[in-house]
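1. Show me how the following folds:
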Amino acid sequence: MSDPAPTRAARGPAATADKRTFFERLVEFISPGPDSKDELLRLFSDAESRELIEPESRLMLEGVLRMADMSAGDVMVPAPRMDLLDIHADYDELLAIVIDTAHSRFPVYDGERDNVIGILMAKDLLKLQRAPELNLRTLLRPAVFVPESKRLNELLRDFRSNRNHLAIVIDEFGNTAGLITIEDVLEEIVGEIEDEFDEAGTDNGIYTLADGTHRVAGDVAIASVNEAFGTQLPEGEFDTIGGLVAQELGRVPRRAEAVAVGGLRFTVMLTRGGAVRWFRVSRVPPSEAGSEGGDVD
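-> Predicted coordinates for the structure are as follows:
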């Protein structure tokens, strides 16, 4: 008598599940997934080198990973460098600050700078111009306060859900530590975002203004400034013009401060995140050249 034919394995959901699980285990054994962020970063780099993802995509993915470990205190604009409005200032003073800084939102304080009572949209100043009898307090929007320890990924989610673009960062004692915007958070993912000062179609960071002066980005190379202005600014410890000016002054200059270096006067137009974004650059008149060397206006 012949042996009975071997029983064929039953087919069904259970068998399929077992087979799939075994396959997944086999793939994991052959090529285990990353078990650390450093390994995941190396995988991103390898994917870029094999042209599986674009360089920009890799940078964004790395930015997302970095952002998960960062807090509001890591990227905020420190309190001493915040541009604020005084609730008791007159209209002309408020308008001058808005035009000079070119922000769209401003924290407003009453008495002490630490006492932020609301946020003013720059466009709302037009209402004061048309109706001077309006009380500035009625134009303020509620200020959002977050602790320094607030994670950036959580803050971004809050910005999106609450439709806020700016938050005041407070320290452990409840004092104002700085401010942070949705742009500051997004820049940790996508890199530098062009702002209202930036122009399309230019790449050297040096622009000629209508009055004959120049606007120069803080991260422009010293060599580029020397080439553009025919100067001989020293190229030593720092590569950028922002670093050179900060070294000359002994600190990062504040908005509207001016420093004369190498025959040029650098006036700070815009700061962000503790660094100078834009300088207004003009030549030092011959009559003042003798007093040059770190002079601050």
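
2. any idea how far the closest residue in space to Arg81 that isn't next to it in sequence is from Gly218?
-> With CB to CB, 6 or more residues apart in numbering as the criterion, Arg81 has its nearest non-adjacent residue at 5.9 Å, and that residue is Thr271. C-beta here means a position set from N, CA and C on the backbone, and glycine is covered the same way. Shown here: Thr271 relative to Gly218, a distance of 8 Å by CB to CB, to the nearest Å.

3. that older thread, what about the residue nearest to Arg81, how many neighbours?
-> Residues lying near Thr271 (other CB atoms under 10 Å) number 22.

4. Enumerate the beta-bridge partners assigned to it.
-> Val276 (DSSP bridges).

5. give the contact list for it.
-> Arg81, Val252, Arg254, Arg255, Arg277 (CB atoms under 8 Å, 6 or more residues apart in numbering).

6. Would you mind pulling the contact partners of stretch 244-253?
-> Taking CB under 8 Å, 6+ apart as the rule, stretch 244-253 contacts 222, 233-234, 237-238, 257, 259, 261, 266, 268, 271, 274-276, 279, 294, 296.

7. Pull up the distance across that stretch, start to finish.
-> End-to-end distance of stretch 244-253 (CA to CA, to the nearest Å): 11 Å.

8. go on, stretch 146-159?
-> First residue to last in stretch 146-159 (CA to CA) measures 11 Å.

9. tell me which residues of that stretch are tucked away?
-> Val146, Glu148, Lys150, Arg151, Leu152, Asn153, Leu155, Leu156, Asp158, Phe159 (16 or more other CB atoms under 10 Å).

10. And stretch 159-175, by the same measure?
-> Phe159, Asn164, Leu166, Ala167, Ile168, Val169, Ile170.

11. Could you do stretch 227-245 as well?
-> Neighbour-count burial for stretch 227-245 [16+ other CB under 10 Å]: Ala228, Phe229, Leu233, Phe238, Thr240, Ile241, Gly242, Gly243, Leu244, Val245.

12. Among those, which one sits closest to Leu52?
-> Thr240 (34.0 Å; CB to CB).

13. tell me the phi and psi of that closest one?
-> Dihedral angles of Thr240 (phi, psi; degrees, to the nearest 10) stand at phi -100, psi 160.

14. do the same with Glu112
-> phi -90, psi 150.

15. Check which helix or strand Met60 maps to.
-> Assigned by DSSP states H and E, Met60 falls within helix 55-68.

16. so what does the helix or strand following that helix touch, helix or strand wise?
-> Once the chain leaves helix 55-68, the next helix or strand it forms, by DSSP H and E, is helix 72-75. Counting contacts by 3 or more CB pairs under 8 Å, 6 or more residues apart in numbering; DSSP states H and E, helix 72-75 is packed against helix 152-162, strand 166-170, strand 176-181, helix 182-190.

17. Point out where the stretch 1-150 of the chain drops to low pLDDT.
-> Filtered on pLDDT under 70, the stretch 1-150 of the chain yields the residue ranges 1-36.

18. Can you flag which of the contacts of stretch 244-253 belong to helices?
-> Among the contacts of stretch 244-253, DSSP state H puts Ile222 in helices.

19. In strands, which of the contacts of stretch 244-253 fall?
-> With strands taken from DSSP state E, the overlap with the contacts of stretch 244-253 comprises Val259, Val261, Phe266, Val268, Thr271, Ala275, Val276, Phe279.
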